[in-house]
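Asker: From the sequence below, what's the structure:
(2 chains)
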Amino acid sequence: MNIFNRFFLWLLLGPSFLYRKMGVNIPHLRAILTAKLMMDDRRVSGIQQSRRKKQKPPKFATVSTMFFTALMGCVFLYSFAVGHDYLTELTIYFSFYVFILASTLISDFTSVLIDVRDNMIILPKPISDKTFVLARLLHIVIHVSKLILPMALPASIYLCVKEGLAGLFPFIFLIIAATLFTIFLINALYIFILKITTPEKFKNIISYFQIFFAIFFYAGYQLVPRLVSKTVLSHYSITSFKWAWITPPYWFAAGWQYLRVFNLASPLFIYFILSVAVPLLSVWLVIKYFAPSFNRKLSMIGGSEIGSAPVKTGSKGLLSTTSAFISSIAKWFTEKGAERMSFLNTWKLMSRSRDFKMKVYPSIGYILVYVVIIFMNNKMSMASIMDQTGAGRFVFLGVIYFSSFVLVMAVQQLMFSEKYKAAWIYYITPIQLPGKLFSGALKAAIVKFYLPLVMLTSIVAVAVVGPKIIPNLLLGIFNQFLITTLRAYISMRALPFSVQQATSVKGGGFIRGLFSMLITIILAILHFMIYGYLTVIIIFCVLSAIASWLMMDSLKNKTWATVMMREYED
Amino acid sequence: MNPIISLNNVYKSYGVKQVLKGINLSIYPGQVIGYIGPNGAGKSTTVKILCGLISDYEGEVVIDGINLKDDPIAVKAKIGYVPELAELYDVLTPAEFLGFMAELYNMPKEMATDRITRILSAFGLEANMHQRMDTFSKGMRQKVLITSGILHDPDIIILDEPLSGLDANSVIIVKDLISKMAKEGKTIFYCSHMMDVVEKVSDRIILINEGTVIADGSFEELQQQQGNQSLEKIFAHMTAKESLSDAADQLMHAFGK
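Answerer: Coordinates of the predicted model:
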């Protein structure tokens, strides 16, 4: 254990007498927490996952995660640029704080804090529900502290410099209150989700939440400063919003104000009381009421209890799970045999694997946000788009060329899977050219992620600009296919879904990424230069189409010799 | 002699689906119970109730004179449980993991360390004691799991497919261990699908199907009732709805032969 974990353990086991009074077994509590912290330290965090080599198991995951969080905390300082008074600034700060913490916790809850293995390992042991829940709660607190200490550090320093210790201590106090409150929120949300849905669907719902939050934050972070001008922000006051006092962040901000001024008669007193009482009340609620039912419900997330999958009646047999729609698409785009099999298989795995969605959907969301930003950044007029002059061209090409980045993540992710061992099916079946597996998988990704986007942009472009855009549109699209197939040819070196997530494909991944990025930019610039010359565009259009066809063909003809094989242990 | 485990009219349902339909059992110390039944018969539900993982059952479960609903913790202290799937915190080392388990069973540290070292050495894992378990094979993990189930010297040991992944030599060790522990007066609750093992290991076989006990007795008694067959045949005879050789025929017909 590192020094941070040891410190937190010491700190949180401080009020042991209090826990004992609640009926908690202290040695059990200490044992569970020690084991949990030890595991946390060896777990690869999401941020560094892709970079870590397999040979070196992580030992000090905690420290590096804390460093990244500290950087994020600096971003929060932005809220102090809003408004004149601390009440406004801190309300915004605390809103940020509660929101970001809640969203981080939502993801950590399923992966770290609520470990379904606990059901089989810890629950059959003679420990009380209260001990277990408190251990879980304190583990959450430690986990959260490791997030919030670095996260709140920049603001603490800021307040300490501006207001001195009299500003710092109330802030620390209220940060703790806000944290407890956030934990309660998450607990309540979990209970709520478990109430309205079955445990099997629980994890899916949580992961959609995560995807939504990730995109939402990114969009907010990118768009809000652009939408709202700085002068408006600096004159904004939270008191102009009548109902602000209902929201918890306002209480925390007011609580700080109250402690800072320390005027007993101040009307802010009521908020101070709220900011203290509500978190304490919620902790009590969690332990007293949520704990028993929570554990029981959670033991069901394990899944096995609900038992065997319901037999679907009325289906026409096994093959009918492939929809007619997708099988006819497959017939259109792929040749019979390995390629079509790979297409359909990839399609289904992409649509059903939670893991895949979690990795790919957020980055697709980011890219869409970027596309919106491209539109907003150029103060272009509708007229310039319609005439396709200057900025209009730039926007059009930007959207077209940028949209293919949607595919980058998807194609990159195609190789990875949690169930990577299942790829044995490719090795034992008589497949002549593994390239067909690549091309099938790639086509599935293109059809699923890029084709809808292409259709949308085409329809919008033709509707706004008129038919004269079609040659340029086609060249743009063919170029995207060229880039994607080229990128796939370079980067797809392991069979679809055959590599374990944690291990990265060795060697020059970054250089390759940079290289393909460069190609995109070069092609976009070239396209921009020949934009107005119709004949040139048409010639290039044909060339690009032929090139991407050739590229796809050589991808299809990749031999076993070029495929990165992985050894099967045990 | 008082039964160490007794179940009286135990019912359990998930939603509308009733999984246990009135289980009545009295199990005495020193017995090795072979608890068998087809998939979905309610075996693992029974085990989970005994381990205190499921508390919303109907009926009465008394273990060593303690009602499970009154004091689940006291009951859990008497039980050692080896779950079916290799559920382990595999980033820990066996020494760390088992030390953690020992603490949850309120064992003194020195005693725990001593016992862990001895058991793991007996299993031939002393060299791996301080390696993280994520590199372990299935058999090695299973040995650690079995260790965690017997570590606190419990009166009742519930084993769910304890031999899975073990090599032939380890299988012999574990089987031997089971009979020796039973001789010492411990009660073994052995769940498995491997009929030949159950046949040899258990003193008493309990067969459940669709939530009720359909056969209960020693292997010899079952043979007397059902004819002189192997347990596998008796099992098939009592639980399969259709003839199993018909199913095999159908499988062959699937090739069009």
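
Asker: what does chain B have sitting close to chain A?
Answerer: Residues of chain B lying close to chain A (Cβ under 8 Å from any Cβ of the partner chain) are B:14, B:17, B:19, B:39-40, B:44-45, B:48, B:51-56, B:73-77, B:79, B:81, B:83, B:85, B:87-89, B:91-92, B:96-97, B:100-101, B:103-106, B:132, B:134, B:137-138. The way it works is simple: take the backbone N, C-alpha and C, and place the C-beta from them, glycine included.

Asker: Return the subset of the residues you listed lying in helices.
Answerer: Counting by DSSP state H, the part of the residues of chain B next to chain A found in helices is B:44-45, B:48, B:73-77, B:96-97, B:100-101, B:103-104, B:138.

Asker: are any of those residues buried, and which?
Answerer: Neighbour counting over these (16 or more other Cβ atoms under 10 Å in any protein chain shown) leaves B:44-45, B:48, B:75-77, B:96-97, B:100-101, B:103-104 as the buried ones.

Asker: Give me the distance between residue A:185 and chain B.
Answerer: 27 Å (Cβ to the nearest Cβ, to the nearest Å).

Asker: Quick check on that residue: phi, psi?
Answerer: phi -60, psi -50 (degrees, to the nearest 10).

Asker: which ones are touching the nearest residue to it once chain neighbours are set aside?
Answerer: Leaving aside its chain neighbours, residue A:185 sits nearest to residue A:102 (5.7 Å; criterion: Cβ to Cβ, 6 or more residues apart in numbering or on different chains). Residues near residue A:102 by Cβ atoms under 8 Å, 6 or more residues apart in numbering or on different chains: A:182, A:185-186.

Asker: So which of the residues you listed is surrounded by the most neighbours?
Answerer: Among the contacts of residue A:102, residue A:182 has the most neighbours (other Cβ atoms under 10 Å in any protein chain shown), with 24 neighbours.

Asker: re the thing from before, hmm, which two among the buried ones among the ones in helices among the residues of chain B next to chain A are most spread apart?
Answerer: For those, the farthest-apart pair by Cβ to Cβ is B:45 and B:96; their separation is 31.7 Å.

Asker: tell me the secondary structure for the most centrally placed residue in chain B?
Answerer: Nearest to the mean C-alpha position of chain B, by Cα atoms, centre = their mean, lies residue B:159 at 2.5 Å. Look at residue B:159: counting by DSSP: H, G, I helix; E, B strand; the rest coil, its state is strand.

Asker: That one bridge partners, please.
Answerer: residue B:82, residue B:190 (DSSP bridges).

Asker: Surely it and residue B:187 touch.
Answerer: No - using Cβ atoms under 8 Å, residue B:159 is not in contact with residue B:187; the gap is 11.2 Å.

Asker: OK, contacts around residue A:142?
Answerer: Counting by Cβ under 8 Å, 6+ apart, residue A:142 touches A:5, A:8-9, A:12, A:33, A:37.

Asker: meant to ask about residue A:430, not that
Answerer: By Cβ under 8 Å, 6+ apart, the contact list for residue A:430 is empty.

Asker: what do you get for residue A:74?
Answerer: By Cβ under 8 Å, 6+ apart, the residues touching residue A:74 are residue A:154.

Asker: cool, residue A:104 as well?
Answerer: Per Cβ under 8 Å, 6+ apart, neighbours of residue A:104: residue A:147.

Asker: tell me which element it is part of?
Answerer: If you go by DSSP states H and E, residue A:104 is part of helix A:86-108.

Asker: ok, then the element right after that helix?
Answerer: helix A:117-121.

Asker: Wasn't residue B:166 part of a helix?
Answerer: No - read with three-state DSSP, residue B:166 is coil and lies in no helix.

Asker: From the buried ones among the ones in helices among the residues of chain B next to chain A, pick the one nearest residue A:413.
Answerer: residue B:97 (32.8 Å).

Asker: Please tell me how far the closest one sits from residue B:112.
Answerer: Separation of residue B:97 from residue B:112 (Cβ to Cβ, to the nearest Å) stands at 12 Å.

Asker: same thing with residue A:160?
Answerer: 47 Å.

Asker: Looking only at neighbour counts, state which of these two leads.
Answerer: Set residue A:160 next to residue B:112 and count neighbours by other Cβ under 10 Å: residue B:112 wins out with 20 against 16.

Asker: Quick check: closest non-adjacent residue to the more buried one.
Answerer: Spatial nearest neighbour of residue B:112, excluding adjacent residues (Cβ to Cβ, 6+ apart): residue B:102 at 3.4 Å.

Asker: I figured that neighbour hits residue B:114, correct?
Answerer: No - counting by Cβ under 8 Å, residue B:102 stays clear of residue B:114, with 10.4 Å between them.

Asker: what about those two, which has more around it?
Answerer: residue B:102 (21 against 11).

Asker: Which pLDDT value goes with that one?
Answerer: With respect to pLDDT, residue B:102 has a value of 91.

Asker: One more: residue B:210?
Answerer: pLDDT for residue B:210: 87.

Asker: I'd say it and residue B:22 touch.
Answerer: No - in this structure, residue B:210 is not within contact of residue B:22 by Cβ under 8 Å, at 11.5 Å.

Asker: all strands for chain B, in order.
Answerer: In chain B, the segments counted as strands under DSSP state E are B:5-14, B:17-27, B:32-36, B:58-63, B:66-67, B:79-82, B:156-160, B:187-191, B:204-209, B:212-217.

Asker: quick one: buried residues of the last one?
Answerer: Neighbour-count burial for strand B:212-217 flags B:213, B:215-216 (criterion: 16+ other Cβ under 10 Å).

Asker: could you list every residue that touches residue B:66?
Answerer: B:74-75.

Asker: Now do it against residue B:159, distance only.
Answerer: Applying Cβ to Cβ to residue B:66 and residue B:159 gives a distance of 22 Å.

Asker: One more: residue B:237?
Answerer: 25 Å.

Asker: Which one of the contacts of residue A:142 is nearest to chain B?
Answerer: residue A:33 (10.4 Å; Cβ to the nearest Cβ).

Asker: pretty sure that closest one is touching residue A:137, no?
Answerer: No - the criterion here is Cβ under 8 Å, and residue A:33 misses it with residue A:137 at 10.4 Å.

Asker: These two: which is more packed in?
Answerer: Taking neighbours as other Cβ under 10 Å, residue A:33 and residue A:137 compare with residue A:33 leading, 22 against 19.

Asker: what's near enough to touch that one?
Answerer: Taking Cβ under 8 Å, 6+ apart, one finds A:9, A:12-13, A:135, A:138-139, A:142 in contact with residue A:33.

Asker: Recalculate using a threshold of 10 Å.
Answerer: Counting by Cβ atoms under 10 Å, 6 or more residues apart in numbering or on different chains, residue A:33 touches A:5, A:8-9, A:12-13, A:134-136, A:138-139, A:141-142.

Asker: hang on, it in a helix?
Answerer: Yes - checked against three-state DSSP, residue A:33 lies within a helix.

Asker: Distance check, it against residue A:134.
Answerer: 10 Å.

Asker: Name the residues contacting each of these two.
Answerer: Shared contacts of residue A:33 and residue A:134, defined by Cβ under 10 Å, 6+ apart, are found at residue A:12.

Asker: Not counting stretch A:515-530 itself, show me its contacts.
Answerer: A:393-394, A:396-398, A:400-402, A:404-405, A:408, A:472, A:475-476, A:479-480, A:482-484, A:486-488, A:490-491, A:508, A:536-537, A:539-540, A:544.

Asker: Would you list the buried entries among those?
Answerer: A:393-394, A:396-398, A:400-402, A:404-405, A:408, A:472, A:475-476, A:479-480, A:482-484, A:486-488, A:491, A:537, A:540, A:544.

Asker: Which ones among those residues map onto helices?
Answerer: Filtering these for helices - DSSP H - leaves A:393-394, A:396-398, A:400-402, A:405, A:408, A:472, A:475-476, A:479-480, A:482-484, A:486-488, A:491, A:537, A:540, A:544.

Asker: Fine by me, thanks again.
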